[in-house]
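Engineer: predicted model follows, preceded by the sequence.
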Amino acid sequence: DAGVTQSPTHLIKTRGQHVTLRCSPISGHKSVSWYQQVLGQGPQFIFQYYEKEERGRGNFPDRFSARQFPNYSSELNVNALLLGDSALYLCASSPRTAPGGYTFGSGTRLTVV
Amino acid sequence: QKEVEQNSGPLSVPEGAIASLNCTYSDRVSQSFFWYRQYSGKSPELIMSIYSNGDKEDGRFTAQLNKASQYVSLLIRDSQPSDSATYLCAVINNAGNMLTFGGGTRLMVKP
């Protein structure tokens, strides 16, 4: 079985640009969550989606948005990129909204210059 | 006060020793706790979960939970150089939809 897949693996963007990150959960998993991990820190929660509805939102500005598609894959969008948005963006998959533990994808390394 | 706190380390132990990693959390009603291992440049990997007070063992790993003291720990017996990584403690919220991570403890196991 394929694990959680994320694309792209690496990305370089310029300040002010927009970026879209993609995630496909493990087959059968209906919940997708997004986390941001800045170098040297633990991951921080951005969003959770379950059955295509937003079920949780972390303390991130409105520049961050996400959606989940009927096949349970998800996109994270970030507008008006700032240097501080440079981070590893992790997608996590679980079978339901109350996880016994998330499985993370390999992440997308975003660098904003 | 951070919600989940860990000593950033690095914690250095010799090969074959016991590594002890500690974590405290601030929300008294927290019920579920997780330990993730993260190798440099990789994503976090779930290694242990614990929900009840006491010890839970899985191979060389033992998680310990003390809800009264709001304290979670991870013991790694017979530490190997391949255990060298950052260990992240995480707590789930009551809604079950958000993990809060500590900053991680970097473990170095020296041959």
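Structural biologist: Noted; the coordinates are in hand. Residues are numbered from 1 along each chain as shown, chains lettered A, B, ... in the order given.

Engineer: could you pull out the strands for the chain?
Structural biologist: You didn't pick a chain, so chain A it is. A:5-7, A:10-13, A:19-24, A:31-37, A:44-50, A:53-57, A:64-68, A:74-78, A:87-94, A:103-104, A:108-112 (DSSP state E).

Engineer: I was after chain B.
Structural biologist: B:4-5, B:11-14, B:19-25, B:33-38, B:45-50, B:54-58, B:61-66, B:71-76, B:85-92, B:99-101, B:105-110.

Engineer: report the buried residues of the fifth one.
Structural biologist: Within strand B:45-50, the residues that qualify as buried are B:46-50, counting by 16 or more other C-beta atoms under 10 Å in any protein chain shown. Glycine gets a C-beta too; all of them are placed from N, C-alpha and C.

Engineer: where does the prediction get shaky in chain A?
Structural biologist: Applying pLDDT under 70 to chain A flags the ranges A:1, A:97-100.

Engineer: near chain B, which residues of chain A show up?
Structural biologist: In this structure, chain A approaches chain B at residues A:33, A:35, A:40-45, A:48, A:50, A:55-56, A:58, A:88, A:90, A:92, A:97-107, judged by C-beta under 8 Å from any C-beta of the partner chain.

Engineer: are any of those residues buried, and which?
Structural biologist: Buried among the residues of chain A next to chain B by 16+ other C-beta under 10 Å: A:33, A:35, A:42-45, A:48, A:50, A:55-56, A:58, A:88, A:90, A:92, A:97, A:99, A:101-107.

Engineer: surely residue B:55 touches residue B:72?
Structural biologist: No: with contact defined as C-beta atoms under 8 Å, residue B:55 does not reach residue B:72; the gap is 11.3 Å.

Engineer: out of the strands of chain B, flag the one nearest residue A:16.
Structural biologist: Shortest separation from residue A:16 across those is recorded for strand B:99-101, at 29.4 Å, computed as C-beta to C-beta.

Engineer: parallel or antiparallel, list what pairs with that closest one.
Structural biologist: In the sheet, strand B:99-101 lines up against strand B:85-92 (antiparallel) (DSSP bridges).

Engineer: what angle do the strand it pairs with and strand B:45-50 make?
Structural biologist: 50 degrees (axes from the mean of the first three to the mean of the last three C-alpha atoms, to 10 degrees).

Engineer: and strand B:85-92, how far from the chain's centre?
Structural biologist: With C-alpha atoms, centre = their mean, to the nearest Å as the basis, strand B:85-92 stands 5 Å off its chain's centre.

Engineer: can you check stretch A:32-52 too?
Structural biologist: 6 Å.

Engineer: which residues sit in contact with the nearest residue in space to residue A:81 that is not next to it in sequence?
Structural biologist: Ranked by C-beta to C-beta, 6 or more residues apart in numbering or on different chains and with sequence neighbours excluded, the top spatial neighbour of residue A:81 is residue A:112, at 4.8 Å. Counting by C-beta atoms under 8 Å, 6 or more residues apart in numbering or on different chains, residue A:112 makes contact with A:12-15, A:81-86.

Engineer: among the residues you listed, who's most crowded?
Structural biologist: Neighbour tally across the contacts of residue A:112 (other C-beta atoms under 10 Å in any protein chain shown): the maximum, 21 neighbours, falls on residue A:85.

Engineer: alright, I will stop here.
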